[in-house]
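Visitor: Show me the folded form of this:
(chains A and B)
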Amino acid sequence: MSVLEAKSITKTFPGVKALENVDISFELGKIHCIVGENGAGKSTLIKCLTGNYEPDSGEILIGGSSAKNDRKLFQRIAYVPQEIDLFQYMTVAENLFIPFERAGIKGRIRHRRLEEKAAPILEKFHITAKGSDIVKDISVSEQQLLQIARAVSLEEYDVLILDEPTTCLTTKEAHQLFEIVNSIKAENKAIIFISHKLDEVFELGDTISVFVNGLKVATEPLSDVDINWVVEQMTGKVIDYQEMFHSGNVTEETILEVENLSGKDFHHISFQLKKGEILGFSGLVGAGRSELMQAIFGYLPVYEGNISSRGKKWKKNDTHASVANGMFYLPEERRSQGILPELSVSVNASMNSLNRLNRWNGISRTKEKALVTEIVEEYNIKTSDFDKEIKFLSGGNQQKVIVGRCTSSDPEILVFDEPTKGIDIGAKTDIYKLMKRLAEQGIGIILISSEMDEIRKCSNRIICMYQGSMTGEFDGNANKDTILKAILGIGQETKEEDHNAG
Amino acid sequence: MQDNMMKDTNRSGFVKKLLKNNVTLILGVLILMIVVASVFSPHFLTLFNLQSLMRDLAFIGMIAVAQSLLLLIGELDLSVGKTATLSGVFGGLLMTTLHVNPFLSFFLALISGAILGAINGMLVSGLRLNAMVTTIGMQSLYGGITLVITKGKAITNIPEEIFFLGKGSLGPIPIPFIFMIVVLICILYFTQRTRTGRYIYAIGNSKEASKLMGIRVNRIRVLLYSIVGFISALAGMLYVARLGSAQAAIGNSWPMNSIAAGVIGGVALTGGVGTPFGALIGAAIICVISNVIVLFGVNVYWQEAVSGLVVVVAIALPSLLKIIRERKMIKK
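Guide: Okay, the predicted model is just below:
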């Protein structure tokens, strides 16, 4: 029977219909996956289900009774947010029990008692950290598990909502998480699992619901459908899941040469980037790929080694010089490092081309508008008007604005750091096509990605890194096992000896 | 005042739209205050009172407009008052004991202010210090140096040629007020129309993103601190010309008032949102408040408390409206 049910709920925000007449129900002992593009209404739905938003019309039934007048019912819903939401400088045990009233801890806080109380919970969730550890020192995957433990271990609940819990996890860590999710399912709880990663959905889920533009377009048992069906539902079109996006215009001209470069999280890295190629950097989270690129770009310090471009020495530690030399870095953390959230789409898009928009009385609004129109059209950015703050755009569209900003000032080298993180499948393909097109126009592209399929689909060459060292270089058609071995550091000792000898 | 605002939100769509813009809202509050003041006090709209109001606003307004530059990048300078005093004393000494040409001394004082500002900027950006703590320290340092130089005494016999800069008027408009308007126009042009202006907003939104875009974040920060120092020194020197002497006790209320003015005028303390024009409106509100308190004959001992209370209410107003708006949205 259904433990949580939304009956024809509609929620409108000024100018946007976030949810329209959505009917959805969740059953005990089932994992119900929800997929949809950013902005499809998933978050709004969750906020309605957890009682954070009041729907404009329709009602939420929890355990068969309406939650409208009995808000206590919402306590039966446990929610784990997408971003890590822990007190980073407090201990694991404190994080588990705050607010203390909820955990029935009264009076003076005794750490030893907290930790004793935490131990069985930590064990149940396979968290190896001790109750006395400071949260910022434990791994991201354990933080994720701790979040789940916090949500479910102290209260009676029927429904657990997991919002993209694997975004920051490696494949192995994700599987540990799945084990725990399955054990919760075995306790006869309803689980709502939101994810962009369709392979995970198929591995874990029982039922799938697809959302598009505030509408629920389908709900099916996962055993009856396949990936192509899901993509078709989401995009309304058939996408060839096997399509490749290698650049077809690789030249022999080297535009970036890195020799024996070392920094805080990477050691003795050497590689060359050719004009018109897509060079993939594969590795686990924390392999030092982003740090390496940020150091080349001038954002992080370089300890030793040389960088040169077309025979000219590269100026280190100076992002301004890198940009002037035609290198742009598109960060993984779009929200904190990529966009300027409170500023308009227009200002965000033109930020790197202002020198071309000058007029006697400052920045020319007409020229700026023309430039932005060009970018918006070229990259098919969906926005109602240019003066809208960029924070209101979906992740994919924000990414396109950033790409547009960089490409509008004639770049030579573009570094894409996890460009499709948190972006749905339809928009992912757009980004792949975009990289291919840019490479074929003669830009050298470096792609950092933790997704094996993405790397193999797009890269002409693949460099693998493990714990800050290069562990292999392959061409784009290398098979999965070879790459996997390299990014897991298997056979990496010999490679390191090579470096020491050289 | 709160009741009035709440009624206003229920009026026609046009008013609603205007009210969504915080600068319009704050401008409305200012006009309302002026109307109330002129109705209840016959002295408010007299030429004499308006002139003295403008003269006060010239100084606080100038500092508020400068301070908004730093607020826009999410930082602030609490040493504006002491920068003004130290530059004022420096300029005063040049004119009196060293017999340098008064106008040249005036100019050199402004340069010294810019240098003091640049020192703040270099400390904050070069050593990666917190702006608030650093400038609290620097304000004592600058204030202390002033005391050492003057031994607490005012520098008198300032040459009379420069008195008109502080005391004079062009028609009915006091000269310092004209300076303030010029400063405002320059800063507005700088922030709204130039490349560096755009970069200021970018830095205020995200220092990391700005650096990754190739913006020279630290260079711009030092530049802004020195502009603030320069304008503080200008205010300081105009004050010297107004008083006819350079002394250590001016500008004590400037740091707090300029920040309050910015916040009232819709410049976010976290940076990236608001305009220097808003900060000026905020400064005008503060000036009208202190003027009205005097005109209404509030007991001298109560003046500071009342003025503080009204400033806090003014700061709370936009935030309060936002809360009301959000509540309504949830109910809908």
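Visitor: Isn't residue A:357 up against residue A:369?
Guide: No: contact criterion Cβ atoms under 8 Å: residue A:357 and residue A:369 do not qualify, at 9.7 Å. No exception for glycine: its C-beta is placed from N, CA and C like everyone else's.
Visitor: more neighbours, those two?
Guide: Taking other Cβ atoms under 10 Å in any protein chain shown, residue A:357 and residue A:369 do not tie; residue A:357 has more neighbours (19 against 14).
Visitor: how close does the more buried one sit to chain B?
Guide: 9 Å (Cβ to the nearest Cβ, to the nearest Å).
Visitor: Give the rounded mean pLDDT of the host helix or strand of residue A:144.
Guide: In this structure, residue A:144 sits in helix A:140-152 according to DSSP states H and E. Mean pLDDT, helix A:140-152: 87.
Visitor: Tell me the strands beside the next helix or strand after it, with direction?
Guide: Moving toward the C-terminus from helix A:140-152, the next helix or strand (DSSP H and E) is strand A:159-163. Applying DSSP bridges to the sheet, strand A:159-163 is found paired with strand A:77-80 (parallel), strand A:190-194 (parallel).
Visitor: Would you reformat these as JSON lines and include mean neighbour count and mean pLDDT?
Guide: Formatted as JSON lines, those follow (neighbours: other Cβ atoms under 10 Å in any protein chain shown; pLDDT from 0 to 100):
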{"stretch": "strand A:77-80", "mean neighbour count": "22", "mean pLDDT": "90"}
{"stretch": "strand A:190-194", "mean neighbour count": "24", "mean pLDDT": "93"}
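Visitor: Which one of those lies nearest to residue A:288?
Guide: Nearest of the strands paired with strand A:159-163 to residue A:288, taken as Cβ to Cβ: strand A:77-80 at 29.1 Å.
Visitor: Which residues does the closest one contact?
Guide: Contacts of strand A:77-80 with the rest of the structure, by Cβ atoms under 8 Å, 6 or more residues apart in numbering or on different chains, involve A:4, A:46, A:49-51, A:62, A:147-148, A:151-152, A:155, A:157-163, A:165.
Visitor: quick revisit: which positions within the helix holding residue A:144 qualify as buried?
Guide: By neighbour count with 16 or more other Cβ atoms under 10 Å in any protein chain shown, helix A:140-152 contains the buried residues A:141, A:142, A:143, A:144, A:145, A:146, A:147, A:148, A:149, A:150, A:151, A:152.
Visitor: mind listing what residue B:158 touches?
Guide: B:92, B:95, B:96, B:102, B:240, B:241, B:244, B:245, B:246.
Visitor: Need the pLDDT of the last one.
Guide: Per-residue pLDDT puts residue B:246 at 89.
Visitor: beta partners for it?
Guide: residue B:155.
Visitor: Surely it is in contact with residue B:86?
Guide: No: look at residue B:246 against residue B:86 with Cβ under 8 Å: they stay out of range, at 9.9 Å.
Visitor: I'd like the buried residues of helix A:140-152 laid out as a markdown table, including distance to residue B:266.
Guide: Conversion of these to a markdown table gives the following (distance: Cβ to Cβ, whole Å):
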| residue | distance to residue B:266 |
| --- | --- |
| A:141 | 43 |
| A:142 | 43 |
| A:143 | 37 |
| A:144 | 39 |
| A:145 | 43 |
| A:146 | 40 |
| A:147 | 36 |
| A:148 | 41 |
| A:149 | 43 |
| A:150 | 38 |
| A:151 | 38 |
| A:152 | 43 |
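Visitor: Show me where the stretch 401-502 of chain A has its helices.
Guide: Per DSSP state H, counting those that start in this stretch, the stretch 401-502 of chain A carries helices over the ranges A:425-440, A:452-458, A:480-487, A:492-501.
Visitor: would a markdown table of the ones you listed with mean neighbour count be doable?
Guide: Formatted as a markdown table, the helices of the stretch 401-502 of chain A follow (neighbours: other Cβ atoms under 10 Å in any protein chain shown):
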| stretch | mean neighbour count |
| --- | --- |
| helix A:425-440 | 20 |
| helix A:452-458 | 21 |
| helix A:480-487 | 16 |
| helix A:492-501 | 12 |
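Visitor: looking at these, which one has the lowest mean pLDDT?
Guide: Among the helices of the stretch 401-502 of chain A, helix A:492-501 carries the lowest mean pLDDT (a mean of 44).
Visitor: can you give me phi and psi for the residue of chain A most remote from its centre?
Guide: What lies farthest from the middle of chain A is residue A:360; by Cα atoms, centre = their mean that is 42.7 Å. When read as degrees, to the nearest 10, the backbone of residue A:360 gives phi -60, psi -30.
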